[in-house]
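>>> With the input below, show me the fold.
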Amino acid sequence: MFIVIASQIAEADSRTARNLFYVVLIANITTAVITIKALGVDHNTARLLSKSNDVSRQLAGSGIGGYGVIYANVVMLPILLLFLKKIYSSERISFLTITVFINVLVTLFMLIRAQYTIALAISFCVIGFIYFKRIIFNPYLLFTVTLTMLGIVSLTDVANDIYILVDLFEGTRYQAKIIDLIVASGGDGQETGAVSSRSDAYMLSLNSFFEYPVTGVLEFGSKIGHHSDILDKYAQWGFFLGSLVVYVLLYFPLKLYRLVRAEERIYIFCFGVALILVGLLNTLVMEVSIAFILLSIFYSIFYLVEKDKYEECSKATVC
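Sure thing, here's the model as predicted:
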């Protein structure tokens with residue numbers, strides 16, 4: 001439903017889209033600031049909101065964002081960076097530029113405070129891909145960077161360094177995940193379940209899909225891992241209907257990808273990658289749909305204006 005709404009917003013006039021853009025940005029900043037403040041008291045606050053109880057309803061009523069808000073910001077991040085690039089290159093420093101910049105800052109700070117490893121990993125991969133794509137696509141630079149990293153690793157005691165990280169992240173959610181990685185790689189200790197339970201859930205959905213690749217298991221029960229929306233859909237409905245879900249998710253971004261300028265396509269591409277990664281590694285919740293609306297606002301503000309000017313110019317006798 002929200003994808004359909006986003007496609008309609010993409011046809012809206014520039015002024016309406018810009019006003020809607022302000023509403024989204026200010027609402028996102030407000031929610032993010034309240035969430036950051038709550039996470040400073042208890043870093044599990046965002047996870048409490050995913051439960052169905054009186055505590056979660058009370059937290060939601062106070063304006064605190066949970067799991068959905070955090071992952072919505074992960075998917076929104078490439079579009080916010082695209083807005084920042086576009087506005088900064090076309091306008092002087094304005095209220096809109098400052099508002100977008102503050103959104104990027106509070107998004108990154110909220111992701112760090114929430115201690116969601118997947119959200120952080122996707123976000124920093126997106127930033128790295130956008131701003132360091134010259135290194136990624138240049139084989140000589142990529143070879144140099146890779147060789148340097150291998151040299152650093154070979155000159156250090158990686159095993160002991162990983163154990164140092166356990167102490168460094170003591171009291172955070174990252175500590176349990178580092179311990180699981182050490183155990184999985186053959187180190188000493190006992191698993192905490194932070195990583196193993198998630199990987200087991202992924203494998204359950206994959207095994208169900210391989211067992212019933214065409215029809216799926218046709219249920220949403222014990223044969224599905226419930227930790228990956230996309231894998232769960234493939235396991236539940238089979239290859240064709242599972243692929244249809246992925247197609248629906250990517251239809252609108254791919255449509256705009258063909259319409260924007262070449263230098264801006266990397267941002268739309270990263271939007272699609274972030275969306276699919278969130279769906280593969282976690283659950284896509286309703287709040288993620290705000291990212292589609294933000295994408296349509298971008299097209300309406302920066303491309304429909306140019307389209308309208310071109311049409312008016314083509315109708316005039318003198319351009």
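
>>> only C-alpha atoms for contact and neighbour calcs from this point on.
Fine.

>>> pull the CA atoms of the helix or strand hosting residue 80 into PDB?
Here residue 80 is covered by helix 67-90, with elements defined by DSSP states H and E. Output of helix 67-90 as PDB, limited to C-alpha atoms (Å, rounded to 0.1, in the frame of the first residue of the first chain):
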ATOM      1  CA  TYR A  67      13.100  -1.700  15.900                       C
ATOM      2  CA  GLY A  68      11.000  -0.300  13.000                       C
ATOM      3  CA  VAL A  69      12.200   3.300  13.300                       C
ATOM      4  CA  ILE A  70      15.900   2.100  13.500                       C
ATOM      5  CA  TYR A  71      15.700   0.000  10.400                       C
ATOM      6  CA  ALA A  72      13.600   2.600   8.500                       C
ATOM      7  CA  ASN A  73      16.500   5.000   9.100                       C
ATOM      8  CA  VAL A  74      19.000   2.400   7.700                       C
ATOM      9  CA  VAL A  75      17.000   2.200   4.500                       C
ATOM     10  CA  MET A  76      16.500   6.000   4.400                       C
ATOM     11  CA  LEU A  77      20.200   6.800   4.900                       C
ATOM     12  CA  PRO A  78      21.200   6.500   1.100                       C
ATOM     13  CA  ILE A  79      18.300   8.900   0.200                       C
ATOM     14  CA  LEU A  80      19.200  11.300   2.900                       C
ATOM     15  CA  LEU A  81      22.800  11.400   1.600                       C
ATOM     16  CA  LEU A  82      21.500  11.900  -1.900                       C
ATOM     17  CA  PHE A  83      19.300  14.800  -0.700                       C
ATOM     18  CA  LEU A  84      22.400  16.300   1.000                       C
ATOM     19  CA  LYS A  85      24.500  16.000  -2.200                       C
ATOM     20  CA  LYS A  86      21.700  17.500  -4.400                       C
ATOM     21  CA  ILE A  87      20.700  20.300  -2.100                       C
ATOM     22  CA  TYR A  88      24.300  21.300  -1.200                       C
ATOM     23  CA  SER A  89      25.300  21.500  -4.900                       C
ATOM     24  CA  SER A  90      22.200  23.400  -6.000                       C
END
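
>>> tell me which residues of it are tucked away?
Neighbour counts over helix 67-90 (16 or more other Cα atoms under 10 Å) mark 67-84, 87 as buried.

>>> next one: stretch 115-126
Across stretch 115-126, burial judged by 16+ other Cα under 10 Å covers 115, 116, 119, 120, 122, 123, 126.

>>> So for that stretch, mean pLDDT?
For stretch 115-126, the mean pLDDT works out to 85.

>>> Check stretch 96-108 too.
Mean pLDDT, computed over stretch 96-108, is 89.

>>> who's in contact with that stretch?
22, 25-26, 28-29, 32-33, 73-74, 77, 80-81, 83-84, 87-88 (Cα atoms under 8 Å, 6 or more residues apart in numbering).

>>> hmm, 7 Å instead?
Outside stretch 96-108, the residues that touch it by Cα atoms under 7 Å, 6 or more residues apart in numbering are 25, 29, 32, 73, 77, 80, 84, 87, 88.

>>> that older thread, avg pLDDT for the helix holding residue 80?
pLDDT averaged over helix 67-90 gives 86.

>>> same check, this time on stretch 223-240
On average, stretch 223-240 scores 90.

>>> Kindly report the same for stretch 297-311.
65.

>>> re earlier: next structured bit after the helix holding residue 80?
helix 95-114.

>>> and the angle for that following helix with helix 67-90?
150 degrees (axes from the mean of the first three to the mean of the last three Cα atoms, to 10 degrees).

>>> Nearest residue to residue 283 in space, please, no chain neighbours.
residue 229 (5.0 Å; Cα to Cα, 6 or more residues apart in numbering).

>>> Tell me, how many residues neighbour the one you found?
By the criterion of other Cα atoms under 10 Å, residue 229 has 22 neighbours.

>>> same question, residue 236
The number of residues packed near residue 236 is 26, by other Cα under 10 Å.

>>> so who does it touch?
Residue 236 neighbours (Cα under 7 Å, 6+ apart): 216, 217, 218, 219, 220.

>>> Go again with 8 Å.
Residue 236 makes contact with 209, 215, 216, 217, 218, 219, 220, 224, according to Cα under 8 Å, 6+ apart.

>>> Point out the least confident one among those residues.
Scoring these by pLDDT puts residue 220 last, at 78.

>>> Can you get me a residue count around residue 258?
So residue 258, with other Cα under 10 Å, has 11 neighbours.

>>> what separates it from residue 251, distance-wise?
11 Å (Cα to Cα, to the nearest Å).

>>> can you check residue 17 too?
With Cα to Cα as the criterion, residue 17 and residue 251 are 21 Å apart.

>>> Among those two, which residue is more densely surrounded?
Remark: of residue 17 and residue 251, residue 17 carries more neighbours, 23 against 14, as counted by other Cα under 10 Å.

>>> close enough to count as contact, that one and residue 300?
Yes: taking contacts as Cα atoms under 8 Å, residue 17 lies within contact range of residue 300: 6.3 Å.
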